[in-house]
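Student: Return atomic coordinates for the entry below.
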Amino acid sequence: MASEATDVAGRDRTAFAVKWVASVIQILGYAGTAFGWTPWNLYLFVVGVIGWLFVGVLWNDRAIMLIHFVALGAMLTGMASQ
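Tutor: Next up, the predicted model:
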């Protein structure tokens, strides 16, 4: 029982760190778009989306996983078509 609680606490700390890092990276992607830092803005967005997708997996939150999986697919498709 104690190891299960430790696993949950570790997963929560990981999710906390990843969601904040991913959020900052996505904000940098928005800044990159504003300042015309193409294609770096897209690379930042991809990293941020992957981070949030990972958080969705950690939380077992299907809504977060769905929106970020779709966003990732759309971004990678757009990047591949350029």
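
Student: Give me the mean pLDDT for stretch 47-57.
Tutor: Stretch 47-57 shows a mean pLDDT of 98.

Student: Can you give me the buried ones in it?
Tutor: Within stretch 47-57, the residues that qualify as buried are Gly48, Val49, Ile50, Gly51, Trp52, Leu53, Phe54, Val55, Gly56, counting by 16 or more other C-beta atoms under 10 Å. For every residue, glycine as well, the C-beta is placed using N, CA and C.

Student: The fifth one against Trp20, yeah?
Tutor: No. Under the contact definition of C-beta atoms under 8 Å, Trp52 does not touch Trp20, with a separation of 10.8 Å.

Student: Which other helices and strands does the strand or helix carrying Ile25 contact?
Tutor: Per DSSP states H and E: Ile25 is located in helix 2-34. On a contact count with 3 or more C-beta pairs under 8 Å, 6 or more residues apart in numbering; DSSP states H and E, helix 2-34 meets helix 40-59.

Student: And the helix it packs on, how far out from the chain middle?
Tutor: 2 Å (C-alpha atoms, centre = their mean, to the nearest Å).

Student: angle of that helix against helix 2-34?
Tutor: For helix 40-59 against helix 2-34, the angle by axes from the mean of the first three to the mean of the last three C-alpha atoms, to 10 degrees is 160 degrees.

Student: so what secondary structure elements neighbour helix 40-59?
Tutor: Counting by 3+ C-beta pairs under 8 Å, 6+ apart, helix 40-59 packs on helix 2-34, helix 62-81.
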